[in-house]
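K.L.:
3D model of this:
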Amino acid sequence: MSGKERSSNAAHRRYQKVLVFLLKLLALAVPFHVAISYADLSALQQFTASNVHAFLGLFGIKSALNGAVLRFDGFDVLVSRDSTGWKSVFFLTALILASEAKIGHKIAGVLLFVPAIYVVNVVRIAITAYSAFFGVDMFVLFHDFLWQVGMTLAVIAMWVVWFMRRNAIYDTTARTLKRLKTAL
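P.N.:
Purely as a prediction, here's the structure:
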């Protein structure tokens with residue numbers, strides 16, 4: 001087999017791997033679309049609003065909390081279904097699960113990065129809510145543009161970090177879980 005044929009076969013195998021990844025990602029989109037239509041996320045909305053309320057309080061920003069609504073002096077901010085970060089969590093999880101890796105590496109990635117993306121989302125909401133103090137235009141800029149792009153980039157960045165460092169992440173997660181088990 002010539003060098004050109006080997007190169008062609010290697011490229012074909014890479015294309016097959018990409019196709020399998022995309023097919024897995026597509027299959028994982030089915031429950032995503034079901035969740036969009038039928039999931040009741042009111043408890044997650046309230047939980048997220050509560051976390052944002054507490055986070056803002058750490059910086060002396062006063063707000064009242066009423067369910068999923070943060071009430072500031074002069075305006076209200078609703079933590080809607082889409083503001084809970086569930087889509088980012090779902091997509092990050094789907095990217096990890098669709099990737100070629102051992103199941104333990106995938107579980108470790110989900111255990112590490114799902115809470116991380118949730119924390120990023122809480123910070124996102126807090127900054128966006130705070131931006132409203134500077135006017136509606138600033139709120140719209142943060143809400144409609146900066147953070148939508150920002151969350152997408154955060155999800156992709158976390159997936160790339162997991163993909164590039166999945167062995168080290170797995171080893172660290174396994175050691176941490178073992179220590180927790182011993183401590184309990």
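K.L.:
quick one: contacts for Ala157?
P.N.:
By Cβ atoms under 8 Å, 6 or more residues apart in numbering, no residues touch Ala157. For the C-beta atoms, the positions are set from N, CA and C on the backbone; glycine is no exception.
K.L.:
Could you verify that it is part of a strand?
P.N.:
No. Looking at Ala157 with DSSP: H, G, I helix; E, B strand; the rest coil, it is helix, so not inside a strand.
K.L.:
Grab the nearest non-local neighbour of Arg71.
P.N.:
Closest residue to Arg71 apart from its sequence neighbours, by Cβ to Cβ, 6 or more residues apart in numbering: Ala64 at 4.2 Å.
K.L.:
Retrieve the pLDDT associated with Leu26.
P.N.:
Note for Leu26: predicted pLDDT of 89.
K.L.:
do the same with the one 10 residues further on
P.N.:
In this prediction, Ile36 carries a pLDDT score of 80.
K.L.:
What count of nearby residues applies to it?
P.N.:
Neighbour count for Ile36, taken as other Cβ atoms under 10 Å: 13.
K.L.:
what about it, which helix or strand?
P.N.:
helix 3-38 (DSSP states H and E).
K.L.:
List the buried residues in that helix.
P.N.:
Residues of helix 3-38 classed as buried: 24, 28 (neighbour count, 16 or more other Cβ atoms under 10 Å).
K.L.:
hang on, the residue nearest to Arg71 packs against Leu70?
P.N.:
Yes. With contact defined as Cβ atoms under 8 Å, Ala64 reaches Leu70; the gap is 7.5 Å.
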